[in-house]
Structure formats: structure tokens, C-alpha cells
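>>> Model the structure of this input:
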Amino acid sequence: MSAARPRRSALFLPASNARAIEKARTLPCDVVILDLEDAVAPAQKPAARAAAVTAVRDGGFGARELVVRVNAADTAEGVEDLAALSDCAADAVVLPKLETAATLVAARAAVGPGPALWAMIETCSGVLALREIVAAARDTGLAALVVGTNDLARELRCRPGADRAPLLPALAQVLLAARSAGLVALDGVINTLDDDAAIAAECRQGRDWGFDGKTLIHPAQIAAANAVFGPSDEDVAAARVLAAAFDGREDEGAIRIDGRMVERLHLVEARRTLALAAAIAARG
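Next comes the predicted model:
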């Protein structure tokens with residue numbers, strides 16, 4: 001995982017919506033995900049595929065990471081999606097409902113060596129196969145795990161409230177798997193659009209659990225995700241103090257700062273915080 005590449009906010013938008021694609025070039029999200037799957041009606045999928053390829057080739061997204069979510073690999077649409085994306089320069093391809101490492105291997109062969117692969121974990125089988133999936137990360141270029149909370153809740157037949165308690169065991173497993181393989185971990189979407197406090201609260205929950213950012217379904221959710229998943233001024237100040245304290249003392253395993261003991265693992269995290277803050281600042 002690149003610690004210096006922010007993924008605080010990853011906005012899904014239908015590739016069939018030309019106005020949404022154009023607007024995305026001006027939005028402050030870190031990641032734009034052109035969707036060919038759930039957000040596109042069956043009759044519109046060929047046109048959406050062509051529009052996504054055109055958007056990737058035209059560019060204009062600046063520092064935003066440009067990603068395309070394809071249809072399921074076991075569908076004719078998914079096969080055509082991967083073939084179309086093999087000849088353009090998307091940063092990554094999102095594979096929905098991933099459940100096997102074999103699907104990763106096949107997707108890599110179909111899309112070629114260019115884009116990274118991101119796996120959506122949104123089924124019970126996908127959660128149970130996480131060890132197998134992340135074990136194939138190095139060979140297949142898998143770079144991120146994305147939780148599909150809506151589909152997972154539907155399959156579990158659970159009713160997540162504001163605390164998302166029924167989903168927390170699955171969220172924990174995705175995070176453990178991602179961190180074990182050095183992958184990015186993105187939290188699932190929130191369907192609320194008009195309650196800023198609820199959006200911010202769910203973002204804080206995801207951040208506190210350890211996610212790198214949140215997938216979103218509307219531009220109105222971007223500000224909360226960016227604010228919550230980005231390091232605060234206090235975080236940056238504390239990281240600077242810790243890094244400065246270790247300056248010239250890198251050979252020491254633990255040192256005392258402000259009445260507490262800190263170890264080299266805290267220095268690693270401080271440097272990650274500073275790198276992320278610098279990358280965000282560079283985006284303006």
C-alpha cells in the first residue's frame with residue numbers, strides 16, 4: 001500500500017452519466033470509480049463501457065485516482081468490460097463480489113499488466129475466502145479490498161443500525177486480511193444523503209476501526225470523508241514531535257516523550273501520517 005496516496009473518499013458514479021463524469025473532474029474526492037455494474041441498467045451497459053473507456057483515455061481527472069468497476073467476471077458483460085479496459089490506462093479495476101483467487105488470476109490475464117486490481121468483498125463466501133484472496137495479491141497485483149456493505153447485509157439478512165453492529169465481524173475480517181497483505185482497505189457506502197452528522201459518524205467509525213477511506217455514492221458525502229480520514233492538525237503536530245524526538249536516535253528501540261514511552265512502531269506510524277498529510281496538502 002502506498003501510504004502517501006490518499007484514498008479518503010472514493011466516489012462511485014454511473015459510467016452511463018456523462019454529466020456526472022464531467023463533474024467528477026472538479027470534485028475534491030481522492031478516487032473516482034466509474035461504475036459499470038450496479039449503477040447501470042442492463043440495456044445501458046455497452047454504452048457505459050464505451051463511455052468509461054473514453055473517459056479514461058481523455059483523462060482530465062488530475063491527481064484523482066481513476067478506477068473502473070466492471071461487471072461480475074462470470075457474466076458476458078464482465079468479460080467484455082475487462083477486454084475493453086485492457087487497452088486503456090485506468091489506475092485500477094474493481095472486481096465485484098470476488099470470492100476466489102482464481103477470479104483474480106483470470107481478471108489479471110484478461111485486463112493485462114497495467115491497472116491494479118481492487119476486490120469487493122460483499123458476499124459471505126468472499127469473507128470466508130479472504131485468506132486465499134490476499135495470498136494471491138502479490139502475483140495478481142491486488143492492491144485494495146473494498147467492503148460491499150449493502151450486498152453483504154442483504155445476503156446476511158441483517159438489519160444494520162447506526163452502529164452497524166451486525167456487520168462489524170465482517171468488517172474486522174476484511175481489515176485483518178488487508179493489513180496482513182499490505183493492502184488498502186476501504187469501508188462500504190452509506191446510503192444517507194441529507195444527514196451530515198450521520199455521514200460523519202459512520203466515517204469516524206470506519207476510521208477508528210482502521211479503514212483508509214470510505215466509498216461514497218454522492219458528492220455531498222465527500223467533505224465528511226475527507227475531513228475524517230485525513231490526519232487532523234493535532235495528528236500532524238504530534239507526528240512531527242515524535243519524528244523529531246527520534247531524529248539521530250533511530251538506533252534506539254524506545255524513547256521517552258512527554259512522560260510516555262514510544263517505540264519505533266510509533267515512529268513508523270508518525271512518518272506515515274506526515275507523508276499522508278503532505279500528499280493531501282500537495283493536492284491543494
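
>>> so who does the residue lying closest to Ser16 once chain neighbours are set aside touch?
Excluding the flanking residues, the one nearest Ser16 by C-beta to C-beta, 6 or more residues apart in numbering is Ala48, at 4.0 Å. Yep, even glycine has a C-beta here, placed from its N, CA and C like the rest. Residues in contact with Ala48 (C-beta atoms under 8 Å, 6 or more residues apart in numbering) are 14-16, 36, 40.

>>> Does Ala48 belong to a helix, a strand or coil?
helix (DSSP: H, G, I helix; E, B strand; the rest coil).

>>> Tell me the spacing between it and Val32.
From Ala48 over to Val32 the distance is 14 Å, taken as C-beta to C-beta, to the nearest Å.

>>> Likewise for Ala109?
Counting by C-beta to C-beta, the gap from Ala109 to Val32 is 26 Å.

>>> quick one: which of these two has more around it?
Applying other C-beta atoms under 10 Å to Ala109 and Val32 shows that Val32 carries more neighbours, namely 24 against 12.

>>> helix/strand/coil for that one?
Val32 ends up strand, using three-state DSSP.

>>> pretty sure it is in contact with Glu65, am I right?
Yes. Using C-beta atoms under 8 Å, Val32 is in contact with Glu65, at 7.2 Å.

>>> who touches both of those two?
By the contact definition C-beta under 8 Å, 6+ apart, Val32 and Glu65 are jointly contacted by Ala10.

>>> Let me see the ranges of the helices in the stretch 151-284 of the chain.
168-180, 196-209, 222-229, 233-246, 264-282 (DSSP state H, counting those that start in this stretch).

>>> quick one: Ala4 is in a helix?
No. Using three-state DSSP, the assignment for Ala4 is coil, not a helix.

>>> could you measure it against Gly59, distance?
Counting by C-beta to C-beta, the gap between Ala4 and Gly59 amounts to 21 Å.

>>> Between these two, which has more neighbouring residues?
Neighbour tally, Ala4 and Gly59, criterion other C-beta under 10 Å: the higher count belongs to Ala4, 14 against 10.

>>> contacting residues for that one?
Contacts of Ala4 were listed using C-beta under 8 Å, 6+ apart, and they are 275-276, 278-279.

>>> Apply 6 Å and report the result again.
Ala4 sits next to 275, 279 when contact means C-beta atoms under 6 Å, 6 or more residues apart in numbering.

>>> Pro115 reaches Ala92, doesn't it?
Yes. Because the distance of 5.1 Å satisfies C-beta atoms under 6 Å, Pro115 is recorded as touching Ala92.

>>> most centrally placed residue in the chain?
Leu186 (3.7 Å; C-alpha atoms, centre = their mean).

>>> and the residue nearest to it when sequence neighbours are not counted, bridged to which residues?
Leaving aside its sequence neighbours, Leu186 sits nearest to Val146 (C-beta to C-beta, 6+ apart; 4.5 Å). Val146 has these beta-bridge partners by DSSP bridges: Met120, Leu186.

>>> you'd agree Ala92 is up against Ala119?
No. Between Ala92 and Ala119 there is no contact under C-beta under 6 Å: 10.4 Å.
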